[in-house]
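S.K.: prediction below, plus the sequence it came from.
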Amino acid sequence: MSIELLSQRGWRNFLGLPAPGTEVVVDVNGEKITVRADRAGYVDVRVKNHGLQPGWHEVTLSTSGDTTTAKVIVVSRNTRFGIISDIDDTVISTSLPRSLIAAWNSFVLTEQARKSIPGMARMYQKLLKRHPDAPVVYVSTGAWNTYPFLVRFLARHGYPQGPLLLTDWGPTNTGWFRSGVDHKRTALRELARDFPNIEWVLVGDDGQHDIRIYSEFNELQPGHTRAIAIRELSTTQRMLAHGTTTVLEDRHRVQWTPESAPLVHAPDGDQLTPLLDKVLDHEDPSEP
């Protein structure tokens, strides 16, 4: 389920529906809109003039046989700062090969089996103290049916609440698994489109393609990237992520120009925080 609230620059919160083609009535602050789920069972709705103030709200979704609620966030037009975060190996450590993470995320939902990356939650909370109206958007290649688990995990470990942009489980026309690179590129492009005034801190890891994806976004969508923070994986974690002990995408090969957003990198959030503080203060010395 995807609802985008306009007027106040709202973003999306997703809820899986059990059947494709289902007629759904979306009630947003008394405004009712009837839509039909697509062939994958999802609904994407833009709601204008909803009258909701910035912040978190609940909307009601009804079918012929059931009614539920979903949380949505409305972002103020005056907001200029936001955080986009990867999940696997950035905020959650799985200690599994990347080839198995999709299956693990979909079928093994025991929260105790997952560990939070040290200091990452503290880093996000510190950024929000400086920018309390900033949206935090999590982007992952995990399947939508892991949404409840991920919400519980993030809350348990002190991560700020935010929309999760996930993917469908299963094969596509070109392979057994959906492209995580394409998913992230699309999510970033849509965020830049829907929030043209926000500059984002992009947080990821060097286990796969985050450096390349973020540098491409910085180049193709100028003015939307405030800084890039990359968590460095250990040698063992790199072996599990892509089968070698070297960094898959050497950050030194990325061509950074004077106009590029600053890039910082460290093994965990506690070491990333002072580096990120330094570049953000440099970019905007008027901030406290």
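M.R.: Ah, there it is.
S.K.: can you list the weak-confidence ranges in this protein?
M.R.: Applying pLDDT under 70 to the chain flags residues 1-19, 94-113, 169-180, 235-259, 282-288.
S.K.: would you list every one of the helices in it?
M.R.: Ranges of helices in the chain, per DSSP state H, are 98-107, 120-130, 147-156, 180-194, 210-220, 235-242, 269-283.
S.K.: need those in a markdown table (columns: mean neighbour count).
M.R.: Heads up, the C-betas are built off the backbone N, CA and C, glycines and all. Below are the helices of the chain laid out as a markdown table (neighbours: other Cβ atoms under 10 Å):
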| stretch | mean neighbour count |
| --- | --- |
| helix 98-107 | 17 |
| helix 120-130 | 18 |
| helix 147-156 | 16 |
| helix 180-194 | 18 |
| helix 210-220 | 21 |
| helix 235-242 | 17 |
| helix 269-283 | 17 |
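S.K.: tell me which of those helices sits nearest to residue 89.
M.R.: Of all the helices of the chain, helix 235-242 sits nearest to residue 89, with 6.5 Å by Cβ to Cβ.
S.K.: residue 81: what's it in contact with?
M.R.: Neighbouring residues of residue 81 by Cβ atoms under 8 Å, 6 or more residues apart in numbering: 131, 134, 198-201, 226.
S.K.: show me the beta-bridge partners of the residue nearest in space to the middle of the chain.
M.R.: The centroid of the chain falls nearest to residue 138 when counting by Cα atoms, centre = their mean (1.9 Å). Beta-bridge pairing for residue 138 (DSSP bridges): residue 85, residue 164.
S.K.: identify the residues contacting it.
M.R.: Residues near residue 138 by Cβ under 8 Å, 6+ apart: 85-87, 91, 150, 154, 162-165.
S.K.: dump the helices of the chain into a markdown table; add distance to residue 33 as well.
M.R.: Formatted as a markdown table, those follow (distance: least, Cβ to Cβ, whole Å):
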| stretch | distance to residue 33 |
| --- | --- |
| helix 98-107 | 31 |
| helix 120-130 | 32 |
| helix 147-156 | 22 |
| helix 180-194 | 18 |
| helix 210-220 | 32 |
| helix 235-242 | 42 |
| helix 269-283 | 39 |
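S.K.: ok, which of those helices comes nearest residue 52?
M.R.: Across the helices of the chain, closest to residue 52 is helix 180-194 (Cβ to Cβ), at 15.9 Å.
S.K.: thank you, goodbye.
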